[in-house]
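Asker: Sequence first, predicted coordinates after that:
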Amino acid sequence: MGFEFYQDPDANYGIQVALGGVWAGLGDVGEILVAVQQAPDGDDEASAEAFGALAERIEDIAESSRESGDRRSARDAYLRAATYYAAKLESVQSQADDAIPQRAFTDHRRCWDAFADLNDPPLERVDIPYESASLPGYFLGVDGAKRPTLVLINGSDGALTWVWQEMLAAHRRGFNALIFDGPGQQSMLFERGVPFRPDWEAVITPVVDFLSQRADVDTDAMVLWGGSQGGFWGARALAFEKRFAAAFLDPGVVDVSTSWLSHFPPELLQMLDSGDKEDFNAAMAGVLQTPGLSGTWHFRARPYQQPTPFDVCSAMRAYTVADLAHQITTPVMIADPEGEQFWPGQPEQLANLIGDAAVLQKFTAAEGADMHCEPMARSLVHQRMYDWLATVLPTSH
């Protein structure tokens, strides 16, 4: 896509994600572009400072509006502030000190919760029973009547503001929507220290059990949505959990590890394959002396909560549905964006593994809908998703 704010592709992509959420109240174009100007190289430190200062300013506006009794203005400003704190969090996740991203997350969630309470209707805070504890979530109902319900699986590092777009789109179409933090995601990571796990049937089944007890959920019309790495977790869950009427994966992910290991030199992969933990960790210690690579490693490895690089990479190899996808019988639409930068080719691979139950939906640069999760074409994505859902959900919906 021909929009370039930074030369660094990751930083440039982050700005496109930010701009793509403006339609849902996730920031103002002018505010975002001013922050971009204040971080001309797109480096993490400058971006964290620019978006952090912006978030603080907008949170002050939200507080003033709430004190004056203007709930609508306060709600809108809290949502923007939460979005900008999330942008700051994205920039500081490369820090080795866990306390730094934890503080940014706390600021983000404080503003998100204020928005959730002020929204009309408010987002209902829920605790979903999960093993010996619970998963924190937010439920947005329509009118109290039995409704089709969208269950949203976030990605590896996405803030709830990112998933709000999907919640809002669902609500406008008469769907209830549930978002929650799963293992290794957001509050489960930063507040509870719970790491990722690959077997998301153990996560989603309790979620479905929870929803099945609600009088406002049509259990014959539940839809599973998985975004980014949620495209893997969703596929994994669908291989076991059969109570969903349909699913949408954006994109489809077969093997999470390839987004990492495809960048490794052959000698490192050979050490990993042979179980040569000592030499692998020694080699990685040298590689991670590079500042940029070190920051990326801290960011991406943190949710796995493994002690060494060898353990992280070994654990990651369990994040595959190559041998399970044939078990998926739920109708599923799989987004396949042109220029998918993390798991290229895997949406089509997943569709082929699933077979007749899968529909592969391509998104192109000519439509302005390329790249991972089609960041600047969410309206087009929603149109195609809900048009398709109308053909597969029970006819009463």
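Answerer: Yes, it's here. Numbers count the residues shown, from 1 in each chain.
Asker: So in the protein, which strand runs the longest?
Answerer: Longest strand in the chain, counting residues (DSSP state E): strand 217-227.
Asker: got any ranges where the protein has weak pLDDT?
Answerer: Scanning the chain for pLDDT under 70 picks out 1-2, 396-397.
Asker: got the contact list for the most centrally placed residue in it?
Answerer: Closest to where the C-alpha atoms of the chain average out (CA atoms, centre = their mean) is G155, at 2.8 Å. Going by CB atoms under 8 Å, 6 or more residues apart in numbering, G155 touches W162, G227, S228, Q229, G230, C373. (Glycine included, C-beta is placed from N, CA and C.)
Asker: same check, this time on Q341
Answerer: P9, Y13, M371, H372.
Asker: export these to TSV and tack on neighbour count, secondary structure and distance to F363?
Answerer: TSV is the format used below for the contacts of Q341 (neighbours: other CB atoms under 10 Å; DSSP: H, G, I helix; E, B strand; the rest coil; distance: CB to CB, whole Å):
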residue	neighbour count	secondary structure	distance to F363
P9	12	helix	18
Y13	18	helix	15
M371	24	coil	9
H372	23	coil	11
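Asker: Looking at those residues, spot the one nearest D220.
Answerer: H372 (32.4 Å; CB to CB).
Asker: Surely that closest one and S228 touch.
Answerer: Yes - using CB atoms under 8 Å, H372 is in contact with S228, at 6.9 Å.
Asker: Now do the shared contacts for these two.
Answerer: P251, F342.
Asker: and the gap between A39 and S94?
Answerer: 14 Å (CB to CB, to the nearest Å).
Asker: give me the beta-bridge partners of M333?
Answerer: According to DSSP bridges, the partner residues bridging M333 are F248, V359.
Asker: Neighbours of it, how many?
Answerer: M333 has 22 neighbouring residues, counting by other CB atoms under 10 Å.
Asker: Then the one 4 residues further on?
Answerer: Using other CB under 10 Å, the number of residues around P337 comes to 25.
Asker: hmm, back to that, with the contacts of G155 in mind, which one is nearest to T258?
Answerer: The closest of those, once distances to T258 are taken by CB to CB, is Q229, at 12.0 Å.
Asker: Skipping adjacent residues, who's closest to the closest one in space?
Answerer: Leaving aside its chain neighbours, Q229 sits nearest to S156 (4.1 Å; criterion: CB to CB, 6 or more residues apart in numbering).
Asker: what about that neighbour, is that helix, strand or coil?
Answerer: coil (DSSP: H, G, I helix; E, B strand; the rest coil).
Asker: and the angle for the helix or strand encompassing D209 with strand 217-227?
Answerer: Taking DSSP states H and E as the criterion, the element that holds D209 is helix 201-212. Per axes from the mean of the first three to the mean of the last three CA atoms, to 10 degrees, the angle that helix 201-212 makes with strand 217-227 is 140 degrees.
Asker: what residues does the helix or strand harbouring V36 touch?
Answerer: Using DSSP H and E, V36 sits in helix 29-38. Residues from elsewhere that reach helix 29-38 (CB under 8 Å, 6+ apart): 5-6, 15, 18-19, 22, 42, 46-47, 49-51, 54, 58, 80, 84, 87.
Asker: If you count neighbours, what's buried in the following helix or strand past that helix?
Answerer: As assigned by DSSP H and E, the chain's next helix or strand after helix 29-38 is helix 44-67. The neighbour-count check on helix 44-67 (16 or more other CB atoms under 10 Å) flags 44, 46-52, 54-55, 58-59, 61-62, 65-66 as buried.
Asker: angle of the very next helix or strand once past helix 44-67 against helix 44-67?
Answerer: For helix 44-67, the following helix or strand on the C-terminal side (DSSP H and E) is helix 71-92. Angle, helix 71-92 to helix 44-67, by the same axes, to 10 degrees: 160 degrees.
Asker: which helices and strands does helix 71-92 pack with?
Answerer: helix 9-20, helix 29-38, helix 44-67, helix 99-118, helix 160-172 (3 or more CB pairs under 8 Å, 6 or more residues apart in numbering; DSSP states H and E).
Asker: And those: which comes nearest P307?
Answerer: helix 99-118 (19.2 Å).
Asker: could you give the angle of the helix holding V36 to helix 44-67?
Answerer: 150 degrees.
Asker: send the alpha carbons of helix 29-38 over as CSV?
Answerer: Output in CSV follows, covering the C-alpha atoms of helix 29-38 (Å, rounded to 0.1, in the frame of the first residue of the first chain):
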residue,chain,number,x,y,z
VAL,A,29,-6.4,11.6,12.5
GLY,A,30,-4.9,15.0,13.4
GLU,A,31,-3.8,13.8,16.9
ILE,A,32,-2.2,10.7,15.4
LEU,A,33,-0.3,12.6,12.7
VAL,A,34,1.0,15.2,15.1
ALA,A,35,2.4,12.3,17.2
VAL,A,36,4.0,10.9,14.1
GLN,A,37,5.7,14.2,13.4
GLN,A,38,7.1,14.2,17.0
